[in-house]
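J.: I'd like to go over a predicted model; first the sequence, then the structure.
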Amino acid sequence: MSKSLVIGSLAVNPPLILAPMAGLTDLALRTLAREQGAPLCFTEMISAQGLIRGGKNTLPLLRSNSFDRPLGVQIFGDDPSALAEAARIVEDSCDLIDINMGCPVRKVVAGGAGSALLRDPRKAGKIVETVRKSISVPLTIKIRTGWTACESTYKEIACIAESEGCDAVTLHPRSRAQMFADHSDWSRITELKNILKIPVIGSGDIFAWSDVRDMFHETGCDGVMIARGVLGNPWIFAQYGTAIAGDSPLPPSSEEKCRIALRHLILLGDLYGEECAVKEMRKHLAWYVKGMAGAAKFRAKINEIVSYAILIEQINEFFSGVSLENA
Ligand SMILES: Cc1cc2nc3c(=O)[nH]c(=O)nc-3n(C[C@H](O)[C@H](O)[C@H](O)COP(=O)(O)O)c2cc1C
């Protein structure tokens, strides 16, 4: 059903990746994804300048442990030497470094980083060349199709990156102008696959294990990256594993949802402390209960909760009583 994904010296099997997501793909979410079989996970994008300065908001984004491997660290910036220095700083803590050339957020593009680089193929090439020379772990880039629909530079940039020693390219086939509107155009992934020798990883609109299957089938890509589809649904990795083993994946029971939601809260507590975990968990719980009866009322209730112990009680009550010991 799917081929193997080899990114430089790194083999990823099955060829699935937890995408970088700002504010979301912390050690807690990565741990849950790995427990469900995610073979490669990314940190969120991390500022190259922040790494160089050793910023107090930046370094915690690198928190990891020995279970959290192989790990991809994504960095962003616009200056080739700064990105190379940042890559050297993180190299020993990860197995792969990715350069963000797709982030559409105004603050990021205003600094010439993220998808602003899609307008400057020469600079994008210089970045890959400079970073490649400074590290020995595999190097990838993550791009969108271009700044606008009319300025479609993804093929040019991917080819330059390949010629500068990039080991794989991830394409989220929307333009910067699209942000998250419309559907991602998977035919662009096929087009890129047809012109590159290095692996092409597809990203965009993967919400269920069957979307993973369809993206492999429709585009011939080498790997699939899962982003929003993992939110409240880390089972997506295990479900795809079940499907490729020839069985029918089942949706999680409400006991299983409860177990994982409690585990998520505990992992956040370990990472940030209980008070902060309660706040962080609100958004994740909204995803875990999405589509379930009483979800709106539950969301309203948990948004008022500040106590860790009371949140545990409420989670148990909502999913109808799974004890913490089982989490
Ligand atoms: C909340 C959020 C944060 C994101 N942060 C990043 C990021 O830090 N770096 C990056 O390359 N892409 C980021 N993305 C884009 C995703 O990695 C992915 O390419 C995009 O969501 C398309 O995949 P999907 O439709 O399966 O969600 C983010 C997406 C979301 C929704």
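T.: Done, it's in. Numbering: from 1, shown residues only.
J.: how many other residues sit next to E191?
T.: For E191, the tally of surrounding residues (other Cβ atoms under 10 Å) stands at 19. No exception for glycine: its C-beta is placed from N, CA and C like everyone else's.
J.: Report whether the helix or strand it falls within contacts the ligand.
T.: Using DSSP states H and E, E191 maps to helix 187-195. No: shown here: helix 187-195 not in contact with the ligand (Cβ under 6 Å from any ligand atom), separated by at least 11.8 Å.
J.: Paired strands for the helix or strand just after that helix, with orientation please.
T.: Scanning forward in sequence from helix 187-195 by DSSP H and E, the next helix or strand is strand 200-203. As defined by DSSP bridges, the strand partners of strand 200-203 come to strand 168-172 (parallel), strand 223-226 (parallel).
J.: Show me the contact partners of strand 200-203.
T.: 5, 17, 19, 140, 142, 158, 168-173, 184, 186, 189, 192-193, 215, 219, 221-225, 227 (Cβ atoms under 8 Å, 6 or more residues apart in numbering).
J.: Check the model's average confidence along the helix or strand following it for me.
T.: Where DSSP H and E defines the elements, the next helix or strand beyond strand 200-203 is helix 209-219. In this model, helix 209-219 has a mean pLDDT of 98.
J.: Please save the CA atoms from helix 209-219 in CSV.
T.: What follows is helix 209-219, C-alpha atoms only, in CSV (Å, rounded to 0.1, in the frame of the first residue of the first chain):
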residue,chain,number,x,y,z
TRP,A,209,-6.5,7.3,8.0
SER,A,210,-8.3,6.9,4.7
ASP,A,211,-7.0,10.3,3.6
VAL,A,212,-3.5,9.0,4.2
ARG,A,213,-4.2,6.1,1.9
ASP,A,214,-5.8,8.4,-0.7
MET,A,215,-2.9,10.8,-0.7
PHE,A,216,-0.4,8.0,-1.3
HIS,A,217,-2.6,6.5,-4.0
GLU,A,218,-3.4,9.8,-5.8
THR,A,219,-0.1,11.5,-5.7
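J.: Show me what that helix packs onto, helices and strands only.
T.: Contact here means 3 or more Cβ pairs under 8 Å, 6 or more residues apart in numbering; DSSP states H and E; on that basis helix 209-219 packs against helix 187-195, strand 200-203, strand 223-226, helix 235-244.
J.: Can you list the neighbours in contact with the third one?
T.: By Cβ under 8 Å, 6+ apart, the list of residues contacting strand 223-226 from outside reads 5, 7, 12, 15-19, 38, 168, 170, 199-203, 206, 212, 215-216, 236-237.
J.: What parts of the protein come near the ligand?
T.: Residues of the chain lying near the ligand by Cβ under 6 Å from any ligand atom: 19-22, 24, 44-45, 74, 100, 102-103, 142, 172, 203-206, 227-229.
J.: Just the buried subset of these, please.
T.: By neighbour count, with 16 or more other Cβ atoms under 10 Å, the residues of the chain next to the ligand hold 19-22, 24, 44-45, 74, 100, 102-103, 142, 172, 203-206, 227-229 as buried.
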